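Colleague: sequence plus the predicted model coming up.
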Amino acid sequence: MTTRPTVALLNVAHALDHLFLLIFATAVATIAADFGIARWEDLMPYGAGAFALFGVGSLPAGRLGDLWGRRRMMLVFFFGIGAAALLAAATQNAWQLAAALTLIGAFAAIYHPVGIPMLLRHATRPGLTIGINGLSGNLGVALAALVTGLVIKYAGWRAAFVVPAAVAFACGFAFARFAPHEPDPPARRRATQPVAAASFVRVITILTIGSITASLIFNFTTNGNGELLRERFAGIVEDPAVLGALLALVYVVASFAQIVVGYLIDRVPFKYLYVGIVAVQAPLFALAAMATGWWLYGLMIAFMIVVFGAIPFTEAVMVRFVDDSQRSRVSGMRLTVAFGVSSLAVWLLGPVVKAGGFTTLLVVMAVTALCTLAAVMFLPRPGAGGAAVTPPGVPPGSPRAAD
């Protein structure tokens, strides 16, 4: 069984994973000024390597998680990402920072294909477990906005990398102390969850396509919201710490959507729920493209609720269609494609905003949301032949077994 301290540390690790990836986006204007770069948009592409490795690194991370052991890989995650952040704090120019950020992305790649399957292995209510874990990850997004803004204001941007690094090291020592040793790596365990091959291929293909578009939206929003808020609150709120707090509040409120969605995933057919949430995204982005001030702030809360609310579905589908003995490898393959392609969002963010402003960016996100909706529509309907998999903890023959 996964012990409570281990569950807590795995959830904290998800928060740290997203926090580390967004320190740069939150501090980019300050770093650009320190490096003598006139516009933050010109520095933003240097962070693309972190998200590229975040995707590409998922494949070997997932493979090592199944073949070498998930506990060992999580220790590599904690200590590796902390060390990479210290390197980022010591950089003196844009290319050094780009290299350090890329290293952060390589270690950040470990968590999703390794930590989440480790968390879900013994979960009796997988939807709720995914929801709580998703909440933790998005609280990390909120902390990146809040903590980074405060630390920059009082100690400078370099400290914004050092403080989370210290937390990661502390969590690594705690994980080594409390996480149970694995007698055998997952790949050596007997499969207990057979799934029809046709259903498996269909679902993973659709899920990968949907994950690419959803990850593009996630990267555009979480990396761009800070500057969007700063631009459209000009003359209303100027203090970076206050703006950071406002952005953190957006993420905190939106993060709780994952608890609600996770709760519902355990009780209702997930396809209909998934389609309903994704369908709302495009209209909200379109409205936000025309809004400023507090109207923009309200719409930002709304569109982040449905962006975060869509996140639990990918892991819920994985639980239903992939056996635990190979879940890290399958997740790693999917994430490599999805996160690798979506890293383009970080590279394109600065040039798109520089060329067409945030109005163009929000319209692009609305179109991308429609692509996600199109992919999700092809998921098997509830009760479709060959698509039923009984989630852990659900008695065979129960209504949920045919979701």
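Modeller: Now that the structure is in, tell me what you want to look at.
Colleague: identify the residues contacting Val252.
Modeller: Contacts for Val252 (C-beta atoms under 8 Å, 6 or more residues apart in numbering) come out as Leu139, Ala142. From N, CA and C alone the C-beta is placed, and that goes for glycine too.
Colleague: in terms of secondary structure, what does the helix or strand where Met74 lies contact?
Modeller: Element membership of Met74, judged by DSSP states H and E, is helix 70-89. Using 3 or more C-beta pairs under 8 Å, 6 or more residues apart in numbering; DSSP states H and E as the contact test, the elements touching helix 70-89 are helix 4-34, helix 58-67, helix 94-108, helix 111-120, helix 159-178.
Colleague: tell me the most buried of these?
Modeller: Using mean count of other C-beta atoms under 10 Å, the stretch among the helices and strands packed on helix 70-89 with the greatest mean number of neighbours is helix 111-120 (a mean of 27).
Colleague: and that one, what does it pack onto?
Modeller: Helix 111-120 packs on helix 4-34, helix 58-67, helix 70-89, helix 126-155, helix 312-321, helix 327-342, going by 3+ C-beta pairs under 8 Å, 6+ apart.
Colleague: ok now the longest one, how far from the chain's centre?
Modeller: Same thing as helix 4-34. 11 Å (C-alpha atoms, centre = their mean, to the nearest Å).
Colleague: output the below-cut-off pLDDT ranges for the stretch 51-200 of the chain.
Modeller: 189-200 (pLDDT under 70).
Colleague: what's the angle from the helix holding Met74 to helix 111-120?
Modeller: Calculated by axes from the mean of the first three to the mean of the last three C-alpha atoms, to 10 degrees, helix 70-89 forms an angle of 140 degrees with helix 111-120.
Colleague: in helix 70-89, what's buried?
Modeller: Neighbour-count burial for helix 70-89, counted by 16 or more other C-beta atoms under 10 Å, picks out 70-82, 84-89.
Colleague: could you do stretch 218-235 as well?
Modeller: 218-230, 232-233.
Colleague: let me see the mean pLDDT of that stretch.
Modeller: The predicted model assigns stretch 218-235 a mean pLDDT of 84.
Colleague: begin at 570 from here
Modeller: Will do, 570 is the new start, and the previous item becomes stretch 787-804.
Colleague: pull up the per-residue confidence for Ala879.
Modeller: In this model, Ala879 is scored at 87, pLDDT.
Colleague: tell me where the model's unsure across the stretch 870-972 of the chain.
Modeller: 950-972.
Colleague: now name the helix or strand holding Val936.
Modeller: For Val936, the host element (DSSP H and E) is helix 913-945.
Colleague: and Lys840, by the same measure?
Modeller: helix 839-848.
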